[in-house]
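Undergrad: Structure, please.
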Amino acid sequence: MRERIVRPLAAGALCVCALIVGAKADCIGGAETTTAVNLRTGAGTGNAIIATVSEGTALIVEADTGSGWYKVNYDGESGYMSADYLSFSETMDLTAQGWVDGSDVRMRAAAGTDSEIVRVTTYGESVEILGVDGEWYKVSAGGKTGYIRGDYVSFTEPDPSQAPAAGSIGEQIVAFAEQFLGTPYVWAGSSPSGFDCSGFVSYVFKNFGYTVNRTAASMYTNGVAVDKSELQIGDAVFFASSSESIGHVGIYIGDGEFIHSSSGCGYVTISGLDESYYSRMYVGARRIAS
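TA: Coordinates of the predicted model:
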């Protein structure tokens, strides 16, 4: 399951959004030690000490354990520290070594999927981490400086034998679409600065060379009809609305879920076909890509 969560770091500290799509070198911000503090193997003083970190050291915050302890990364080593000895910041300059842990990962000019693509990185490529900005890393690689989302960066060099194989066209479509999770819903929008439902779907398919009609209703004439029991990832799924026989569209991502730009949520999100509203309003599906 994929979800968009809002997670507070500490009372009076920053609150950031993390897009959960993997468990690699996830990042939810930065922190600085306010005194010398022990980095431990687990969340609690009963756990072994990995290292003693001096006051004023910048750290990557990977996760909130919910118990007053945070998973952090110090000098490439992940461990746990008490929030009592940390000062949090959503953005922070620091240096660390990392590697790209994904295929064709986009480096962007700023921290966000609506930002310009600076270059496309390759699996296992070495990057110099220069800082954090929410769930994004500021990195330098290939002579360029930009931002890569934390779940596509690893602190250990990936095994070349584990490089992901090229996926099916449906898998590629879904991977591309998921980059825009959290992008604002904008009526009549059809760009990464903001999408409506059909604008999002048409933008995604256009990236793979498929031209579809602009509205949800007219898009329902594109491609080939697919029975709900035979859905494949990458299929377009259509729904009625209170005023239209077909008024909403998304892209099926597998496991009974679809990604779409939701006016109700206000951003690109993932929902379940079995949710009461979508189950009731489901009209059908079309296979655009094959």
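
Undergrad: Just the terminal-to-terminal distance for stretch 181-190.
TA: 14 Å (CA to CA, to the nearest Å).

Undergrad: Contacts for that stretch, please.
TA: By CB atoms under 8 Å, 6 or more residues apart in numbering, the surrounding residues in contact with stretch 181-190 are 2, 4, 17, 19, 21, 113-114, 192-196, 199-200, 202-203, 214, 259, 261-263, 265-270. Glycine gets a C-beta too; all of them are placed from N, C-alpha and C.

Undergrad: Could I get the average pLDDT for it?
TA: What stretch 181-190 shows for mean pLDDT is 94.

Undergrad: from the contacts of stretch 181-190, which would you call buried?
TA: By neighbour count, with 16 or more other CB atoms under 10 Å, the contacts of stretch 181-190 hold 19, 21, 113, 192, 194-196, 199-200, 202-203, 259, 261-262, 267-270 as buried.

Undergrad: before we move on, what SS does residue 283 have?
TA: strand (DSSP: H, G, I helix; E, B strand; the rest coil).

Undergrad: Kindly report the same for residue 138.
TA: Taken by three-state DSSP, the conformation at residue 138 corresponds to strand.

Undergrad: Report the spatially closest residue to residue 198, excluding sequence-adjacent ones.
TA: Spatial nearest neighbour of residue 198, chain neighbours left out: residue 216 (4.7 Å); criterion: CB to CB, 6 or more residues apart in numbering.

Undergrad: What separation do you get for that neighbour and residue 246?
TA: Here the criterion is CB to CB, to the nearest Å. By it, residue 216 lies 5 Å from residue 246.

Undergrad: So for these two, which residues contact both of them?
TA: Joint contacts of residue 216 and residue 246 (CB under 8 Å, 6+ apart) are residue 238.

Undergrad: more crowded one of the two?
TA: Using other CB atoms under 10 Å as the criterion, residue 216 and residue 246 rank with residue 216 on top: 26 against 19.

Undergrad: ok, the more buried one - contacts?
TA: Counted by CB under 8 Å, 6+ apart, residue 216 has contacts 197, 198, 238, 244, 246, 247, 248, 249.

Undergrad: And for residue 52?
TA: With CB under 8 Å, 6+ apart, residue 52 has these contacts: 36, 37, 38, 39.

Undergrad: element containing it, please.
TA: strand 49-53 (DSSP states H and E).

Undergrad: partners of that strand in the sheet?
TA: Sheet pairing here is set by DSSP bridges, and for strand 49-53 it gives strand 37-40 (antiparallel).

Undergrad: Only alpha carbons, please: show the strand it pairs with as PDB.
TA: Provided in PDB are the C-alpha atoms of strand 37-40 (Å, rounded to 0.1, in the frame of the first residue of the first chain):
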ATOM      1  CA  VAL A  37      25.100  12.500  22.000                       C
ATOM      2  CA  ASN A  38      25.300   8.800  21.500                       C
ATOM      3  CA  LEU A  39      24.100   7.200  18.200                       C
ATOM      4  CA  ARG A  40      22.500   3.900  19.200                       C
END
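
Undergrad: and that strand, how far out from the chain's middle?
TA: 29 Å (CA atoms, centre = their mean, to the nearest Å).

Undergrad: follow-up on the earlier one: tabulate the contacts of residue 52 (JSON lines), appending distance to residue 55.
TA: Shown next, in JSON lines, are these (distance: CB to CB, whole Å):
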{"residue": "36", "distance to residue 55": "5"}
{"residue": "37", "distance to residue 55": "8"}
{"residue": "38", "distance to residue 55": "13"}
{"residue": "39", "distance to residue 55": "13"}
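
Undergrad: and the residues you listed, which are buried?
TA: Members of these classed as buried by 16+ other CB under 10 Å are 37, 38, 39.

Undergrad: Bridge partners for the last one, pull those for me.
TA: When you say that, I think you mean residue 39. Beta-bridge partners, per DSSP bridges, of residue 39: residue 51.

Undergrad: neighbours around the residue lying closest to residue 154 once chain neighbours are set aside, how many?
TA: Sequence neighbours aside, residue 101 is the residue nearest to residue 154 in space, at 4.0 Å (criterion: CB to CB, 6+ apart). By the criterion of other CB under 10 Å, residue 101 has 24 neighbours.

Undergrad: from what I can see residue 101 touches residue 160, true?
TA: No. Taking contacts as CB atoms under 8 Å, residue 101 lies outside contact range of residue 160: 11.9 Å.
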